[in-house]
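1. Here is the input, now give the coordinates:
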Amino acid sequence: MKATNLAIAVSGTLLTLPHLTHAAEWFVTPKISTRAGYNDNLTITSQPHNSVEELDLIPEASFGRKTETSGITGQVRFDARRYWGESGLNTNDRLLNLHMYDNGQRMGWTLDGNITRDTTLQSELNATGLVLQRTPRLMRSLNPGWSYMFNQRTQLKLGYQYQDVRYPDQATLLYQDYRINALTATISHQYSQRLQIFGSASATSYRTTKNQLPYHGAVDARYAILQAGASYAFSQTLSATVYAGARGSRTTIQEQQLIPVGPFVFFGPVHDVTDTNVGSVVNANVQKKFQTGTVSANLSREIQPTGYGGLIETDRLRLSAHHRISARFSDSVDLGLYQTKEVSSTVRHLDRTFVRVEPAFTWKMTRWWHLTGSYRYARQRYKHQSQTATQNAVYVTLAYTWPKMTTSW
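-> Below you'll find the predicted structure:
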């Protein structure tokens, strides 16, 4: 999607919401960054590869309008990435996020929209911890929601998710375009000033939308999740949220029989293979605030759709720490450990372990200028392979953020 299309999408959305846009003060905060770096294994592969030098130019802006009960916020971002050392890696990534809400005394609604054009080594890797090949990825999503307050303590939320994911590179046979439709219902109760309890149920439909037998047959997967949990504030600086539950899935994949006859192989009849699976889901998050920083930990087990024609189960441990050394200097570290396995036996062998560690150091040169240096180490190993892939990357980012600009309509 071109830049003009993104601008039209933003303008069209705002014009259809006169209740939110009438006589409102809008704000916009532009930012521009340039990043230079070195990566010794960009695609995190165990096969022979070259190291690359990278130079990025990233203009972006956050914008919005807020009142006490309603608002619109958004972000638009362009990321021009150029590489030396590998041909064909240059990309022009784009992102558009929109969040809208309106809250009444009892009822409220939200609407979230997203368009992301990047590669599988970015948003998909962060979500699933699983990537077999670097290829362009286009994701579009729309998530409306509705809430109702029964009283001051008890609230019901209903949500719908639509997501369409496409892999524009026709040369790759590893990925299948897919579409998701999901419904979620959550009820929460503020038991006390410190304790909130909640329960939720969700149903999701996953279908591939571009199939090419015999390489890729149609995949239809459906799964449901039932879970309950609680959030507790131990103090003003320490809080935790834990929820757990059960899930069940049913996956049907279309396969075509291959019939070898001497040196030749003929395509046989097409048939469906169905697999069912049950398991658990969990998510635990703890955050501690200090005078000079924060530390957080997250442990989760989730079921997720992929572009490989099926569902995966991801166990993930994330540890993050941010420390403010002084008014001008700060440092941070982020650790991620992913263990991925197939949910259905109809999916190709995807079981693997992925580890990523990324420390960073930031210098606030002035109120508007920031300089950040970071290092990333990543390691992945597939269960059914003996080889291990490692990645080392170093980046330096210079960013300038303009003062917030406002205007009234």
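2. Please spell out the segments of the stretch 1-150 of the chain that come in under the pLDDT threshold.
-> 1-24, 85, 87 (pLDDT under 70).
3. quick check, A127 in a helix?
-> Yes: per DSSP: H, G, I helix; E, B strand; the rest coil, A127 lies within a helix segment.
4. Distance check, it against E302.
-> Separation of A127 from E302 (C-beta to C-beta, to the nearest Å): 9 Å. (Each C-beta comes from the backbone N, C-alpha and C, glycine too.)
5. same deal with T135?
-> Applying C-beta to C-beta to T135 and E302 gives a distance of 23 Å.
6. Kindly confirm my reading that L121 is in a helix.
-> Yes: under three-state DSSP, L121 sits within a helix.
7. Start at 44, not 1
-> OK, 44 is where the count begins now, so the last one is L164.
8. thought it was touching N82?
-> No: judged on C-beta atoms under 8 Å, L164 makes no contact with N82 at a distance of 10.3 Å.
9. quick one, which of these two is more surrounded?
-> N82 (22 against 16; other C-beta atoms under 10 Å).
10. Starting from the lengthiest strand in the chain, tell me which strands it pairs with and how they run.
-> Looking across the chain with DSSP state E, the single longest strand is strand 307-333. Using DSSP bridges, the strands paired with strand 307-333 in its sheet are strand 281-304 (antiparallel), strand 336-349 (antiparallel).
11. Just say which of those is most tucked in.
-> Compared across these, strand 336-349 shows the largest average neighbour count, a mean of 18 (mean count of other C-beta atoms under 10 Å).
12. what comes up buried for the helix or strand following that strand?
-> Downstream of strand 336-349, the next assigned helix or strand under DSSP states H and E is strand 353-367. Buried residues in strand 353-367, counted by 16 or more other C-beta atoms under 10 Å: G353, L354, I355, E356, T357, D358, R359, R361, S363, A364, H365, R367.
13. Please save the CA atoms from strand 353-367 in PDB.
-> In PDB, the C-alpha atoms belonging to strand 353-367 read as follows (Å, rounded to 0.1, in the frame of the first residue of the first chain):
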ATOM      1  CA  GLY A 353      -1.800 -24.600  10.600                       C
ATOM      2  CA  LEU A 354      -1.600 -23.700  14.300                       C
ATOM      3  CA  ILE A 355       1.400 -23.700  16.600                       C
ATOM      4  CA  GLU A 356       1.700 -23.600  20.400                       C
ATOM      5  CA  THR A 357       4.300 -21.100  21.700                       C
ATOM      6  CA  ASP A 358       5.700 -21.200  25.200                       C
ATOM      7  CA  ARG A 359       7.300 -17.700  25.800                       C
ATOM      8  CA  LEU A 360       9.300 -16.200  28.600                       C
ATOM      9  CA  ARG A 361      10.000 -12.400  28.400                       C
ATOM     10  CA  LEU A 362      12.200 -10.500  30.800                       C
ATOM     11  CA  SER A 363      12.500  -6.700  30.400                       C
ATOM     12  CA  ALA A 364      14.400  -4.100  32.500                       C
ATOM     13  CA  HIS A 365      14.800  -0.400  32.100                       C
ATOM     14  CA  HIS A 366      17.100   1.700  34.200                       C
ATOM     15  CA  ARG A 367      17.400   5.500  34.300                       C
END
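14. as a whole number, average confidence for that strand?
-> Average pLDDT, strand 353-367: 93.
15. Quick one: the strands in the stretch 94-243 of the chain, in order.
-> 95-109, 113-127, 134-146, 150-162, 179-192, 197-209, 221-233, 238-251 (DSSP state E, counting those that start in this stretch).
16. Now distance to Y286 and mean neighbour count too, for those strands, in JSON lines please.
-> Converted to JSON lines, those look like this (distance: least, C-beta to C-beta, whole Å; neighbours: other C-beta atoms under 10 Å):
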{"stretch": "strand 95-109", "distance to Y286": "29", "mean neighbour count": "17"}
{"stretch": "strand 113-127", "distance to Y286": "26", "mean neighbour count": "18"}
{"stretch": "strand 134-146", "distance to Y286": "23", "mean neighbour count": "18"}
{"stretch": "strand 150-162", "distance to Y286": "20", "mean neighbour count": "18"}
{"stretch": "strand 179-192", "distance to Y286": "18", "mean neighbour count": "16"}
{"stretch": "strand 197-209", "distance to Y286": "14", "mean neighbour count": "17"}
{"stretch": "strand 221-233", "distance to Y286": "10", "mean neighbour count": "17"}
{"stretch": "strand 238-251", "distance to Y286": "7", "mean neighbour count": "18"}
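17. Can you say which of those strands is nearest to N326?
-> Checking the strands of the stretch 94-243 of the chain against N326 by C-beta to C-beta gives strand 238-251 as the closest, at 11.1 Å.
18. picking that back up, among the strands paired with strand 307-333, where is the model least confident on average?
-> Across those, strand 281-304 gives the lowest mean pLDDT, at a mean of 87.
19. Quick one: distance of that one to the chain centre.
-> 18 Å (C-alpha atoms, centre = their mean, to the nearest Å).
20. now for the strands paired with strand 307-333, which one comes closest to L98?
-> Of the strands paired with strand 307-333, nearest to L98 by C-beta to C-beta is strand 336-349, at 30.8 Å.
21. Please put the alpha-carbon coordinates of the closest one into CSV.
-> Output of strand 336-349 as CSV, limited to C-alpha atoms (Å, rounded to 0.1, in the frame of the first residue of the first chain):
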residue,chain,number,x,y,z
GLY,A,336,13.3,2.2,36.4
THR,A,337,11.0,-0.9,35.9
VAL,A,338,11.4,-4.6,35.7
SER,A,339,8.8,-6.9,34.2
ALA,A,340,8.5,-10.6,33.5
ASN,A,341,6.0,-12.5,31.4
LEU,A,342,5.4,-16.2,31.0
SER,A,343,2.8,-17.5,28.5
ARG,A,344,1.6,-20.5,26.6
GLU,A,345,-0.5,-19.5,23.6
ILE,A,346,-2.0,-21.1,20.5
GLN,A,347,-1.4,-19.0,17.3
PRO,A,348,-2.1,-19.2,13.6
THR,A,349,0.8,-19.1,11.2
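22. Quick check, R137 in contact with F121.
-> Yes: assessed by C-beta under 8 Å, R137 is found in contact with F121 at 5.7 Å.
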